[in-house]
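*Asks:* sequence first, predicted model second:
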Amino acid sequence: MKKTMKLTFLAILMTLFIFCLCMAASSDNSCDGHWKGHFVDSARGWPVDVDMTISGNTGIWIAHLGNHRASQSPCREVEFPVTVLKCTESKFHFFVDGSSVERRGSTCPTFTARLVRKDADTAEGVKNGEKPLQMIRQSRPSNR
């Protein structure tokens, strides 16, 4: 009888362990993937669309500067390094280092974005503490 109870108890523990592993695997807090974003250039009031690809704690940010003239916008269509500062179920914070790229004698903007995740694929918040920014994940890595 004691042996049967021990085996039953072990079976229940194993079932709970497997269940917890499955739940952890199904909740994707990762920020990996391709994101599209949008904000308004506060200097001119023009819309700016961005593409950002994240893998682990690093990524690439590219700004598509709509109405900006290419000759006056040395930072358009340039890949800037991204560092993910926080990626949780509820928060997505990252740093874009424009200073690492020098174009035509000027450095590009550097900023921190602090976003709240509305769901696994949508995040909204601010960049530089004031400019509204919305990011929507378009795709996830194929190995997930």
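*Replies:* Received the coordinates, thanks.

*Asks:* give the next helix or strand downstream of the lowest-mean-pLDDT helix or strand in the chain.
*Replies:* When each helix and strand of the chain is scored by mean pLDDT, DSSP states H and E, helix 2-26 comes last, with a mean of 48. Where DSSP states H and E defines the elements, the next helix or strand beyond helix 2-26 is strand 33-40.

*Asks:* outside of that following strand, which residues touch it?
*Replies:* Defining contact as Cβ atoms under 8 Å, 6 or more residues apart in numbering, one finds that strand 33-40 is touched by 46-54, 127, 131-141. C-beta: built from backbone N, CA, C; applies to glycine.

*Asks:* from these, which would you call buried?
*Replies:* Neighbour-count burial (16 or more other Cβ atoms under 10 Å) is assigned, among the contacts of strand 33-40, to 48, 50, 51, 52, 53, 54, 127, 133, 135, 137.

*Asks:* would CSV of the residues you listed with distance to residue 79, secondary structure and pLDDT be doable?
*Replies:* Rendered in CSV, the data for the buried ones among the contacts of strand 33-40 read as follows (distance: Cβ to Cβ, whole Å; DSSP: H, G, I helix; E, B strand; the rest coil; pLDDT from 0 to 100):
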residue, distance to residue 79, secondary structure, pLDDT
48, 16, strand, 87
50, 11, strand, 93
51, 10, strand, 96
52, 10, strand, 97
53, 9, strand, 97
54, 13, strand, 97
127, 17, strand, 91
133, 18, strand, 94
135, 17, strand, 96
137, 19, strand, 97
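
*Asks:* ok, the residues you listed vs residue 111, which is closest?
*Replies:* Within the buried ones among the contacts of strand 33-40, the smallest distance to residue 111 is 4.9 Å, found for residue 127 (Cβ to Cβ).

*Asks:* how far away is residue 113 from residue 84?
*Replies:* Distance, residue 113 to residue 84, using Cβ to Cβ, to the nearest Å: 10 Å.

*Asks:* what's the overlap in contacts for those two?
*Replies:* With Cβ under 8 Å, 6+ apart, residue 113 and residue 84 have common neighbours 92, 93, 94.

*Asks:* out of those, flag the one nearest to residue 58.
*Replies:* Using Cβ to Cβ, residue 94 comes nearest to residue 58 of those, at 9.6 Å.
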